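J.: Give me a 3D structure for the following:
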Amino acid sequence: MSVILLDWYDANAREMPWRVSPQARKDGVQPDPYAVWMSEIMLQQTTVVTVRDYFRRFIARWPTVRDLAAARDADVMAEWAGLGYYARARNLLKCARAVVAEHDGVFPPDHAALLKLPGIGPYTAAAVSSIAFDLPHAVLDGNVERVMARLYDIHIPLPAAKPVLMAQAQALTPVLRPGDYAQAVMDLGATICTPKSPACGICPWRGPCAARAAGTMAELPKKLPKKAKPVRHGTLYLGRRTDGAWLLETRPEKGLLGGMLGWPGSDWIDIELPHPDSMPPAQGDWEEIEGEVRHTFTHFHLILRVVAADLAQDVQPERGAFVERRDFAPSNLPTVMRKAFDLLHQDTAPQMTTHGGLL
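T.: Take a look at the predicted model:
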């Protein structure tokens, strides 16, 4: 079966900036483990379409793991802004520095050694092992789970089905070309064996597919019902000094948006506003902006009110620090913080003076 899929992959492999084509691999071109690792970290919980540009920017700015290890934390976090799941960016730096410190800047071609690196779990270790080093380790992402569930007509709901799906994926992984095979299964799930309306008629595995024979493709993989996400509330304070500098703070390393630049604000809690933690970070004539910021994280929905003020030039903030106008770029903010900035700039926003055309 693996030969059938590899033949299909040779003719249909997707082009990606981090991928070495199957023909190039046959010609002896080896994947860059750094690029493979970088792409796999970025692709966690994120689509290929979104990741492409981020990957290109990262590789252009930090072309080697040594370059990344030497980067300023703030620069990496700013470049990651908008990609989400910010713990990945912190682990990216930790891992790069560990590779330099412990492996002389070379990713170890060993599955067990990869697992010991910060931020590399079973999935990433398997992906780097197979794709970068051609070791026969099965990769089990959402696409592969779907393919395996349908190929073997497995009705155990996720996540309980993961061990069974992994066993099947590992049993199919060939000793020859395991890296290309791993990418082939992922491509199959992304382009043919899609969640809705799979293109079974052109699938290279349509013959042995048990779900196709049973007519159960649309039902699989089964999943346990999701629990309703709670809704949390909070406040963000957007303060701007007379010279156009913005009042911002770096969030704590641990927790959501850890290490990212953002607006000072309250805790995010499961009660309606206002609440006693909503204290402005500096003295000023604060005014609530019409509208609200809505954002969804993995485990909860978030609703934020936005409060803004022009601040005196000599004001001393109790929280955060001013970022000069020339050093501030909204694109360096995580998405939820950028939504607050955008809300402030809507036509419905209260009158705020324009400093150098910022508004």
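
J.: where does the stretch 251-359 of the chain have low pLDDT?
T.: 272-277, 347-359 (pLDDT under 70).

J.: Please enumerate the strands of it.
T.: Counting by DSSP state E, counting those that start in this stretch, the stretch 251-359 of the chain has strands at residues 261-262, 287-288, 293-296, 301-311, 321-323.

J.: Ile154: which of those is closest?
T.: Of all these, strand 293-296 sits nearest to Ile154, with 29.8 Å by Cβ to Cβ. All C-beta atoms are positioned from the backbone trio N, CA, C, and that covers glycine.

J.: Residues contacting that closest one, please?
T.: Residues from elsewhere that reach strand 293-296, judged by Cβ atoms under 8 Å, 6 or more residues apart in numbering: 229, 236, 301-306, 335-336, 339-340, 343.

J.: Return that strand as PDB; C-alpha atoms alone will do.
T.: Extracted C-alpha coordinates of strand 293-296, given in PDB (Å, rounded to 0.1, in the frame of the first residue of the first chain):
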ATOM      1  CA  VAL A 293     -13.400  43.100  21.000                       C
ATOM      2  CA  ARG A 294     -14.400  39.400  20.500                       C
ATOM      3  CA  HIS A 295     -11.900  36.700  20.200                       C
ATOM      4  CA  THR A 296     -11.900  32.900  20.600                       C
END
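
J.: What residues of that strand count as buried?
T.: The neighbour-count check on strand 293-296 (16 or more other Cβ atoms under 10 Å) flags Val293 as buried.

J.: Could you tell me which strands that strand is paired with, and in which direction each runs?
T.: Using DSSP bridges, strand 293-296 pairs in its sheet with strand 301-311 (antiparallel).

J.: Which positions in the longest helix seen in the chain come out as buried?
T.: Identified as the longest helix of the chain according to DSSP state H is helix 87-103. Residues Arg88, Ala89, Arg90, Asn91, Leu92, Leu93, Cys95, Ala96, Arg97, Ala98, Val99, Val100 are the ones in helix 87-103 that count as buried (16+ other Cβ under 10 Å).

J.: Which member of these is positioned nearest Val185?
T.: Using Cβ to Cβ, Arg88 comes nearest to Val185 of those, at 23.1 Å.

J.: for the closest one, what are its contacts?
T.: Contacts of Arg88 (Cβ under 8 Å, 6+ apart): Ile41, Met42, Gln44, Trp80, Gly119.

J.: again, only using 10 Å
T.: Ile41, Met42, Leu43, Gln44, Gln45, Thr46, Trp80, Cys95, Gly119 (Cβ atoms under 10 Å, 6 or more residues apart in numbering).

J.: was I right about the second one contacting Gly82?
T.: Which is Met42. No: under the criterion of Cβ atoms under 10 Å, Met42 makes no contact with Gly82, lying 11.8 Å away.

J.: Show me which of the two is the more surrounded one.
T.: Each of Met42 and Gly82 had its neighbours counted (other Cβ atoms under 10 Å), and the higher figure belongs to Met42 (23 against 13).

J.: Name the SS class of the nearest residue to the more buried one once chain neighbours are set aside, please.
T.: In space, and not counting its chain neighbours, Met42 is closest to Val51: 4.6 Å by Cβ to Cβ, 6 or more residues apart in numbering. Of the three states, Val51 takes helix under DSSP: H, G, I helix; E, B strand; the rest coil.

J.: How much space separates Val51 from Asp141?
T.: As judged by Cβ to Cβ, to the nearest Å, Val51 and Asp141 stand 13 Å apart.

J.: mind checking how far the longest helix of the chain is from the chain centre?
T.: 16 Å (Cα atoms, centre = their mean, to the nearest Å).

J.: Give the next helix or strand downstream of it.
T.: Per DSSP states H and E, helix 87-103 leads on to helix 111-115 as the next helix or strand towards the C-terminus.

J.: Gln170 is in contact with His137, isn't it?
T.: Yes: with contact defined as Cβ under 10 Å, Gln170 counts as touching His137 (7.8 Å).

J.: joint contacts of those two?
T.: Contacts common to Gln170 and His137, judged by Cβ under 10 Å, 6+ apart, are Ala126.

J.: Distance check, Met62 against Val76.
T.: Not quite, residue 62 is Trp, not Met. 8 Å.

J.: Equivalent analysis for Ile131, please.
T.: From Ile131 to Val76 the distance is 23 Å (Cβ to Cβ).

J.: Equivalent analysis for Trp246, please.
T.: 21 Å.

J.: between the two, which one's more packed in?
T.: Using other Cβ under 10 Å, the more surrounded residue of Trp246 and Val76 is Trp246, with 23 against 19.

J.: Quick check: end-to-end length of stretch 309-321?
T.: 15 Å (Cα to Cα, to the nearest Å).

J.: Show me the contact partners of it.
T.: 237-243, 245-250, 261-265, 279-287, 322, 350-353, 355.

J.: Would you write a ChimeraX line that selects the buried entries of these?
T.: Here is the ChimeraX command that picks out the buried ones among the contacts of stretch 309-321, judged by 16+ other Cβ under 10 Å:
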select :237,238,239,240,241,245,246,247,248,249,250,261,262,263,264,265,280,281,282,284,286,322,352,355
